[in-house]
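In: heads up, no residue letters with this:
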C-alpha cells in the first residue's frame, strides 16, 4: 500500500487520478458488431454469441419452464436473503416518488410537472465469475416501481446455454418481462436497434467490462439513453481514532476483491489508524479466495494522512468517490460537507457490503469522479419529467406583452405573431 | 405541406423519422480542436476564435465594465419583460425542490437520499442571427436556485468583440459568475479541459449547431456530463374542431422559423381543420421576415388526418415530440395518455412561444424522439442525488445474515467477511 503524508494541494489532482483507459482497439470491434447487428439482426447476435461465449443456442429467450427449474435450484436460505434485500430496496425507492408539481406563475398561467415512466428499458447483467443477481434487484425493482411497461434483461449464458439460477429467480421475482441469453457488445447492440427477437429499448442500464462500456457509448450515439458511463469500482474510507482498524481493513478488501483495477483509498487524521489498518489488511488478505485479484488492487491502494478534518474533506470532495465510508467522531461535519460521492456509509457498523446488497440504497453508482455530476441509479432514472402549461384568455393578457417584446428582440417574428394573434382575438 | 390520410401503422416509423445527420467530417474537426485545446489551452482557444469567428481578443473574459455598459443598452421595456420571465421561471423551478427522503428500511438501518448542487456548471449560448438571452434565463435561473457555486457561460462575440447586450444583462441578472467570449467547439473544449483562463466544469448545458452537438458528445467522453443530446427543434400540434386554425398556423410557423431543418407536424381528426390550417399557414407565411427559412421547413412539414383520438394519441406517443400543442375538446384524454413529449401546451390560448419565453417552464427540451427517455432541463438537472446509510449494532444483526448469504452466493468472500467481523464483534 502506498503511504502518503500531508500531500500538498498541488499534488491532489495526481492522487485523485484514475487509471486512464484507452479504447481505440475496442472501438473498432464495437463499431463492427453494431453495424452487423443493425443490418442482420438475430443472425449477427447468434454469430457473436458463438464467437465470444462459445455457445450456439436454438432459442435465446429464456422460457417459463427454465424459470421454474431455476426457482427450484435456488436454496431457501438464498431466496429469503433475496426477498429481504428486495423489500428494503423497494421501501427506499418507493419513498422517492414525487407527485405532480403545480404552480400558477401568473394569474391564468398554470404550469405543472409530472413524471412518467420510460416505457421500454433494458437491463444488462454481466456473466463471468460472479453471478450478479444483486444487480438484477438494483435495476428491476425501481424499473417496476416506476411503471416501465417493458423490462428487458440480457445476460450471457454459460457453455451449457444456462443463466445462473439466482439471476433468473431474482429477475422473475422483480417483474422482468423478457430475458435473453445474450451478452457483451451484441446484447447492447440488440437492445439498441431491436432484432426480430430482442425488443428495442429507450434506455439501457447496468455494469459491464470495457467492451460493454464502449457499447453503451455507441448506444447513446444511436438514440438510446444510458444510466451512466461506467468505470472500475472505488472505495474511499475516512477514519479517525474512533474507527475499528479490522473493520476498515475488511471494507478496503471487499472493494479490492472486485477487480485488479479497483480503487482503494484510506484518508485519516491519525497515524496509528493508518498503520493499524495496513497491518490488518495484510492479515486478512491471506485468507481470501480472491486473494490474487485483491493483492493487485491493494498494491495500488493509497493510505493518506492529513493534519485536519478540513483538509480531509476537501481532498475527498476533489476525489468524488463512488463509495465513501465515514468513521469519525465528527460525522456531522463530513455529512454536511460532502459534495461529491455516490453513496455514503456512516459509522463502524455500516460496511459497504450493506449497500451492495441489502440496506435499501442502490449499488449502481457513479465511478471515476462522475459523482461530481451524476446521481446513482434511483427511481427517477426510470422516469422522465414532462412539463405542461395551460393559459387562459386572461393569462395570455398577463404575459403576452413580455413574450412579444422578447421574441422581437431575439428576431423571431413568428414567435411574436403567435401571441399577437391571440391578444387581438381577446 | 405533405398531407397524409389515415396512415397505416406500419408506415408510422417512417412518418416519425427525423432526418439523419451524418457527422463523420465534423468529428475529425472536433477531435483536432479538442486535442489542441487540451494541449495548448488559451493559445488554441485564441487560434480558433480567430479562425471561426474572425476576431482577435485581448481579453476573453467579459469585464464588469462591459456588463455595466450592456445594462444601459437594454431598453426598459425589454428589461421588464426579462424580469417577468425570470420571475415565472424562478417560481416554477423553485417548486421542484425536493427534501431529504429518509426511510428506516429495517430496525437500525436508516437510509436517506439528499440532492446536492453540481458545483461547477458551464452554459453555452450560441451566437448567430438570434441572440438567445431567453436561453440564459432557462439555464442560469435553475443553476442559481440549485446552488451551483460556479456558473460559467461561454458565447461567441461579434466581429467587434462584443456579446449582445441583452445576453449580458440576463446573465448578470441571473447570477452567472464568469462570462467568456468563446464560441463553438473551442468553447466546449475549454470548459471540458479548463485553460489558464476558462475554468473546467462538471456539466455543460445549452443548444448549438451540429459542431457544438458533436463537441458535447466529445465532452462526455472526457469525463464531463451534458444536459442532453441536441437535434433540430420540433412541434407537433393535435387539433380537433375546437381549434382555431389561424392560431394553429401561427404556432406551426413559429416552429418553422427556427431553422430549415425544423420539424413541424399537425395531427387532426377533422379534415376541415387540416385544410383551414394549411390555408392559414400560407397566408401568414408571406408576412414573415424569416420567410425563406420557414418556407423550407413548411415544405417538409406533415398534415396528418386520422380517424380516432386513440390513433392520434398512439401516433403522437410513437413520435415523442419536443413540443406538443393540444387543442381538443377531450384534452384530459390526451393529458392522461401522453407518455412521450418534452413540454405540452394546452388549449387555444397557450402558444408554444409562451413556454419558449415566459410561462415558467423550461425551453431546453429533448428533441429527436429523446422525450422517450430524457427529461427537459429542470431543477434536478443541476443537482445530483446522493444516498446515505447508517446502521446500528442492532441493524447489522437484522440484515447481516442476508448480506452474508448473498455475498457468498456471488462468490465475494471479502464482502461477506466485512459483515461477519461486525456480527462477531456485537
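Out: Yes, it's here. Keep in mind that this is a model prediction, so the values were computed, not measured.

In: secondary structure element for residue A:407?
Out: helix A:393-409 (DSSP states H and E).

In: ok, now residue A:246?
Out: Residue A:246 belongs to helix A:245-256 when assigned by DSSP H and E.

In: Show me the domain layout of chain A.
Out: A:2-15+A:232-360, A:23-226, A:393-424 (automatic domain parsing).

In: mind giving me JSON lines with those and columns for distance to residue B:255 and mean pLDDT?
Out: All C-beta spots, glycine's among them, are computed from the backbone N, C-alpha and C. Putting the domains of chain A into JSON lines (distance: least, C-beta to C-beta, whole Å; pLDDT from 0 to 100) gives the following:
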{"stretch": "domain A:2-15+A:232-360", "distance to residue B:255": "40", "mean pLDDT": "95"}
{"stretch": "domain A:23-226", "distance to residue B:255": "20", "mean pLDDT": "95"}
{"stretch": "domain A:393-424", "distance to residue B:255": "8", "mean pLDDT": "96"}
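
In: do stretch A:60-79 and chain B meet at all?
Out: Yes: residues of stretch A:60-79 contacting chain B under C-beta under 8 Å from any C-beta of the partner chain: A:77-78.

In: In that stretch, which residues are buried?
Out: Buried residues in stretch A:60-79, counting neighbours by 16 or more other C-beta atoms under 10 Å in any protein chain shown, are found at A:60, A:62, A:66-67, A:70, A:74, A:78-79.

In: Is any residue of the helix or strand following the helix holding residue A:246 near chain B?
Out: Once helix A:245-256 ends, the next helix or strand along the chain (criterion: DSSP H and E) is strand A:263-268. No: applying C-beta under 8 Å from any C-beta, one finds strand A:263-268 separated from chain B by no less than 11.2 Å.

In: Please name the strands paired to strand A:263-268 in the sheet, noting orientation.
Out: Here strand A:263-268 is paired, per DSSP bridges, with strand A:234-239 (parallel), strand A:302-305 (parallel).

In: what does the helix or strand where residue A:112 lies rub up against?
Out: Here residue A:112 sits within strand A:109-117, counting by DSSP H and E. Contacting residues not belonging to strand A:109-117 are listed as A:98, A:100-105, A:146-149, A:380, A:382-392, A:395, A:398-399, B:88, B:92, B:96, B:338-339, B:354, B:359-361, B:375, B:378 [C-beta atoms under 8 Å, 6 or more residues apart in numbering or on different chains].

In: Generate a PyMOL selection restricted to the buried subset of those residues.
Out: For the buried members of those, the matching PyMOL selection, counting by 16+ other C-beta under 10 Å, is:
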select buried, (chain A and resi 98+101+103+105+146+148+380+382+383+384+385+386+387+388+389+390+391+392+395+398+399) or (chain B and resi 88+92+96+338+339+354+359+360+361+375+378)
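
In: Tell me which of the contacts of strand A:109-117 fall in helices.
Out: A:146, A:395, A:398-399, B:88, B:92, B:354 (DSSP state H).

In: ok, which pair from these is furthest apart?
Out: Greatest spatial distance in the ones in helices among the contacts of strand A:109-117: A:146 and A:398, 36.2 Å, computed using C-beta to C-beta.

In: From chain B, how far out is residue A:80?
Out: Remark: distance between residue A:80 and chain B (C-beta to the nearest C-beta, to the nearest Å) = 7 Å.

In: That residue - nearest residue in space that isn't next to it in sequence?
Out: residue B:402 (7.3 Å; C-beta to C-beta, 6 or more residues apart in numbering or on different chains).

In: Could you do residue A:206 as well?
Out: residue A:124 is the one closest to residue A:206 (C-beta to C-beta, 6+ apart), at 3.5 Å.

In: For the one you found, give me its contacts.
Out: For residue A:124, the contact set (C-beta under 8 Å, 6+ apart) comprises A:153-155, A:187-188, A:191, A:204-208, A:212.

In: redo that, cut-off 7 Å
Out: Counting by C-beta atoms under 7 Å, 6 or more residues apart in numbering or on different chains, residue A:124 touches A:154, A:187-188, A:204-206, A:208, A:212.

In: Quick check: residues of the stretch 201-350 of chain A near chain B?
Out: Applying C-beta under 7 Å from any C-beta of the partner chain, we find that the stretch 201-350 of chain A lies next to chain B at A:202-203, A:223, A:225, A:246-247, A:250-251, A:253-254, A:257, A:284, A:288-290, A:294, A:335, A:339, A:341-347, A:349-350.

In: Provide a list of residues in contact with residue A:263.
Out: With contact taken as C-beta under 7 Å, 6+ apart, residue A:263 is in contact with A:18, A:232, A:234.

In: I'd like the distance between it and chain B.
Out: 15 Å.

In: And the residue lying closest to residue A:186 once chain neighbours are set aside, how far from residue A:71?
Out: Using C-beta to C-beta, 6+ apart and skipping the chain neighbours, the partner closest in space to residue A:186 is residue A:48 (4.1 Å). Residue A:48 is 30 Å from residue A:71, where distance means C-beta to C-beta, to the nearest Å.

In: follow-up on the earlier one: am I right that the residue nearest to residue A:186 is in a strand?
Out: No: the assignment for residue A:48, made by DSSP: H, G, I helix; E, B strand; the rest coil, is helix rather than a strand.

In: ok, it touching residue A:187?
Out: No: Residue A:48 is beyond contact range of residue A:187, at 9.3 Å (criterion: C-beta atoms under 7 Å).

In: who's more crowded, the two?
Out: Higher neighbour count among residue A:48 and residue A:187: residue A:187, with 32 against 22, using other C-beta atoms under 10 Å in any protein chain shown.

In: Centroid-nearest residue for chain A?
Out: Geometric centre of chain A, nearest residue: residue A:364, 3.0 Å, by C-alpha atoms, centre = their mean.

In: Give the full set of residues in contact with that residue.
Out: Residues in contact with residue A:364 (C-beta under 7 Å, 6+ apart) are A:138-139, A:227, A:376-377.

In: Between these, which sits nearest residue A:37?
Out: Using C-beta to C-beta, residue A:227 comes nearest to residue A:37 of these, at 20.7 Å.

In: how much space between that closest one and chain B?
Out: 11 Å.

In: Neighbours of residue A:222, how many?
Out: A total of 11 residues lie near residue A:222 under the criterion other C-beta under 10 Å.

In: wouldn't it be in contact with residue A:190 here?
Out: No: judged on C-beta under 7 Å, residue A:222 makes no contact with residue A:190 at a distance of 12.0 Å.

In: for the stretch 101-250 of chain A, what spans make up the strands?
Out: All strands of the stretch 101-250 of chain A, identified by DSSP state E, counting those that start in this stretch, fall at A:101-106, A:109-117, A:120-124, A:150-154, A:178-180, A:203-205, A:225-226, A:234-239.

In: Pipe those strands into TSV and attach distance to residue A:311 per row.
Out: Converted to TSV, the strands of the stretch 101-250 of chain A look like this (distance: least, C-beta to C-beta, whole Å):
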stretch	distance to residue A:311
strand A:101-106	40
strand A:109-117	40
strand A:120-124	40
strand A:150-154	45
strand A:178-180	49
strand A:203-205	37
strand A:225-226	36
strand A:234-239	11
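
In: For residue B:5, find the nearest of those strands.
Out: The closest of these to residue B:5 is strand A:120-124. By C-beta to C-beta, the value is 29.3 Å.

In: what ranges do the helices span in the stretch 151-300 of chain A?
Out: A:165-173, A:184-193, A:210-221, A:245-256, A:271-285, A:291-299 (DSSP state H, counting those that start in this stretch).

In: out of those helices, nearest to residue A:3?
Out: Ranking the helices of the stretch 151-300 of chain A by proximity to residue A:3 (C-beta to C-beta) places helix A:271-285 first, at 6.9 Å.

In: For the closest one, name the packing helices and strands.
Out: Other helices and strands packing on helix A:271-285, by 3 or more C-beta pairs under 7 Å, 6 or more residues apart in numbering or on different chains; DSSP states H and E, are helix A:245-256, strand A:263-268, helix A:291-299, strand A:302-305.
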